[in-house]
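K.L.:
coordinates only, no sequence provided:
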């Protein structure tokens, strides 16, 4: 961060947004730990788990683009407050699941409630930071993903074991309640703490506000004039995005990467429980190891991507490395520690693609198209959050080991790396040549 005003904004905003994303991600994936204690529930099965874990992303998909357009119009402070309170409430209500239908309903509504948070924050960061800084800033924010899994795993395992002694509810029900309530409470903190942009930041001096806004104005003059919301209609924005081949290319890359990420995220507790034979607390501790490694790798890869101003190979190379880690982690000759090393390599590779990846779309999208484009890429790509866990479970059902399922994930992640490194640039070049003719 070159200017003190920018560093001041980063120190004020990134830790807070980071904390919000930690809470969001714990609530999104704690179902993978709840599963460990739901095996004796009469209406529950591995097939229901796989479908319910993924159906979250259909609600997410349907409401993400509208949510991000609303955020741009009403402001980040009010809309993120709404998101936090409603998703915390619905996460806690997961404890009321009493059949496959209610389980699916609450997971779907959780996706609806959370839709717009992640791309909304990405959009919000474009109000403060230039494109040269965004990979690092996004990676710092997105390490919350890995941190949530690093600390959320041990926390969820501990809650499940300790809640066995609590009355009134089953351990998996206590897990949803105790991890859902904090999001509701923090929603009111957002209302008091988060400014809509530099103009509303009372903790900046007038000179500091002007510096941040001027840097963004200079960048827009260099790379193109932004399109204002007032000059655009939502239908026209969406129609233009649907016709933009670049958006679909990055949707495809993200889908392939997310397939691997959510496939392993939703099944890792069960995988490690099978490998280790430990209790829930022990399993939670083991899950922390790959995600801690991923968090470190995310920051390092994003720092180097910003330093070299290179994005493509900082996505492709880690993805290929991650696919190798996945493929090796389920081999029969691997002891537990060997599988953990391979899973750590896999997580480091997959998750470290995220910072450079999300720095790319704002390079070719402008104004209101940034808001809708980020949401579209995220929502379409996150449909793999349904496909990954679902297909992982189906492949596992036909095998005595996790190897075939892990190889499936490895194939998708490898394809994502090759697509980002080779196919997307080639197609973009051909598209540019066609337009010039």
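P.N.:
In hand now; what should we look at? Just so we're clear, the structure is a prediction, and the values are computed from it rather than from any experiment.
K.L.:
give me the pLDDT for residue 302.
P.N.:
Note on residue 302: pLDDT of 88.
K.L.:
which SS state does it fall under?
P.N.:
Following DSSP: H, G, I helix; E, B strand; the rest coil, we place residue 302 in the helix state.
K.L.:
if I look at it, how far off is residue 140?
P.N.:
Separation of residue 302 from residue 140 (CB to CB, to the nearest Å): 8 Å. Bear in mind the C-beta positions are built from the backbone N, C-alpha and C, glycine included.
K.L.:
dihedrals phi and psi, the closest residue to residue 196 other than its chain neighbours?
P.N.:
Of all residues beyond its chain neighbours, the one nearest residue 196 is residue 75 (4.0 Å), with distances taken as CB to CB, 6 or more residues apart in numbering. Residue 75 adopts backbone torsions of phi 100, psi 150, taken as degrees, to the nearest 10.
K.L.:
can you give me the helices in the stretch 201-350 of the chain?
P.N.:
Ranges of helices in the stretch 201-350 of the chain, per DSSP state H, counting those that start in this stretch, are 206-223, 234-242, 245-276, 280-308, 312-329, 336-351.
K.L.:
which one of the ones you listed lies nearest to residue 169?
P.N.:
Between residue 169 and the helices of the stretch 201-350 of the chain, the shortest gap by CB to CB is with helix 280-308, which sits at 16.0 Å.
K.L.:
which stretches of the protein have low pLDDT?
P.N.:
For the chain, the stretches with pLDDT under 70 are 1-2, 222-238, 367-368, 371, 427-437.
K.L.:
do that again at 50, thanks
P.N.:
Residues of the chain meeting the criterion pLDDT under 50: 225-233, 434-437.
K.L.:
for residue 334, give me its contacts.
P.N.:
Going by CB atoms under 8 Å, 6 or more residues apart in numbering, residue 334 touches 328, 342.
K.L.:
what's the answer for residue 343, then?
P.N.:
264, 268, 289-290, 325-326, 329.
K.L.:
what does residue 360 give?
P.N.:
Applying CB under 8 Å, 6+ apart to residue 360 gives the contacts 250, 311.
K.L.:
distance of it from residue 80?
P.N.:
24 Å.
K.L.:
ok, now residue 113?
P.N.:
Residue 113 sits 12 Å away from residue 80, going by CB to CB.
K.L.:
counting neighbours, go ahead and name the busier of those two.
P.N.:
residue 113 (26 against 22; other CB atoms under 10 Å).
K.L.:
for that one, what is the enclosing helix or strand?
P.N.:
helix 100-114 (DSSP states H and E).
K.L.:
just how off-centre is whichever helix or strand comes after that helix within its chain?
P.N.:
Downstream of helix 100-114, the first helix or strand assigned by DSSP H and E is helix 117-126. Centroid separation between helix 117-126 and its chain, computed with CA atoms, centre = their mean, to the nearest Å, is 12 Å.
K.L.:
do the same with stretch 279-291
P.N.:
Stretch 279-291 sits 20 Å away from the centroid of its parent chain (CA atoms, centre = their mean).
K.L.:
what comes up buried for it?
P.N.:
Within stretch 279-291, the residues that count as buried by 16 or more other CB atoms under 10 Å are 280-291.
K.L.:
turn these into TSV, including distance to residue 204.
P.N.:
Shown next, in TSV, are these (distance: CB to CB, whole Å):
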residue	distance to residue 204
280	46
281	44
282	47
283	45
284	40
285	42
286	44
287	40
288	37
289	40
290	39
291	34
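K.L.:
from the residues you listed, which is closest to residue 120?
P.N.:
residue 291 (23.7 Å).
K.L.:
once you drop chain neighbours, what's closest to that closest one?
P.N.:
Residue 291 sits nearest to residue 149 (CB to CB, 6+ apart), 3.8 Å away.
K.L.:
relative to helix 206-223, how tilted is the helix or strand where the one you found lies?
P.N.:
Per DSSP H and E: residue 149 is located in helix 131-162. When axes from the mean of the first three to the mean of the last three CA atoms, to 10 degrees is applied, the directions of helix 131-162 and helix 206-223 differ by 110 degrees.
K.L.:
and residue 302 and residue 140? Which one has more around it.
P.N.:
residue 302 (28 against 19).
K.L.:
residues contacting the more buried one?
P.N.:
By CB under 8 Å, 6+ apart, the neighbours of residue 302 are 135-136, 138-140, 314, 352, 355-356.
K.L.:
give me the distance between residue 353 and residue 298.
P.N.:
9 Å.
K.L.:
and for residue 296, the neighbour number?
P.N.:
15.
K.L.:
go on, residue 132?
P.N.:
With neighbours defined by other CB under 10 Å, the count for residue 132 comes to 13.
K.L.:
I'd say the residue nearest to residue 196 and residue 199 touch.
P.N.:
No - between residue 75 and residue 199 there is no contact, the gap being 10.9 Å when judged by CB atoms under 8 Å.
K.L.:
which one of these two is surrounded by more residues?
P.N.:
residue 75 (17 against 12).
K.L.:
re earlier: packing partners of the helix or strand that the helix holding residue 149 is followed by?
P.N.:
Next in sequence after helix 131-162, counting helices and strands by DSSP H and E, comes helix 171-193. Helix 171-193 sits against helix 4-29, helix 31-37, helix 76-93, helix 131-162, with contacts defined as 3 or more CB pairs under 8 Å, 6 or more residues apart in numbering; DSSP states H and E.
K.L.:
and the second one, what's buried?
P.N.:
Just to be clear, that refers to helix 31-37. 31-37.
K.L.:
a markdown table for the residues you listed, including distance to residue 49?
P.N.:
Converted to a markdown table, these look like this (distance: CB to CB, whole Å):
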| residue | distance to residue 49 |
| --- | --- |
| 31 | 7 |
| 32 | 8 |
| 33 | 11 |
| 34 | 9 |
| 35 | 5 |
| 36 | 10 |
| 37 | 12 |
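K.L.:
just to revisit the earlier point, top of the contacts of residue 302 by neighbour count?
P.N.:
When neighbours are taken as other CB under 10 Å, the top entry among these is residue 352 (33 neighbours).
K.L.:
surely it is in contact with residue 297?
P.N.:
Yes - contact criterion CB under 8 Å: residue 352 and residue 297 qualify, at 4.1 Å.
K.L.:
list residues touching both of the two?
P.N.:
Taking CB under 8 Å, 6+ apart as the criterion, residue 352 and residue 297 both touch residue 318.
K.L.:
what residues does stretch 383-396 touch?
P.N.:
For stretch 383-396, the surrounding residues in contact (CB under 8 Å, 6+ apart) are 46-47, 49-51, 53-58, 60-61, 254-263, 266-267, 402, 404-405, 408-409, 412.
K.L.:
rerun that using 6 Å as the cut-off
P.N.:
Identification of contacts with stretch 383-396 by CB atoms under 6 Å, 6 or more residues apart in numbering yields 46, 50, 53-54, 57, 61, 255, 258-259, 262-263, 266-267, 404-405, 408.
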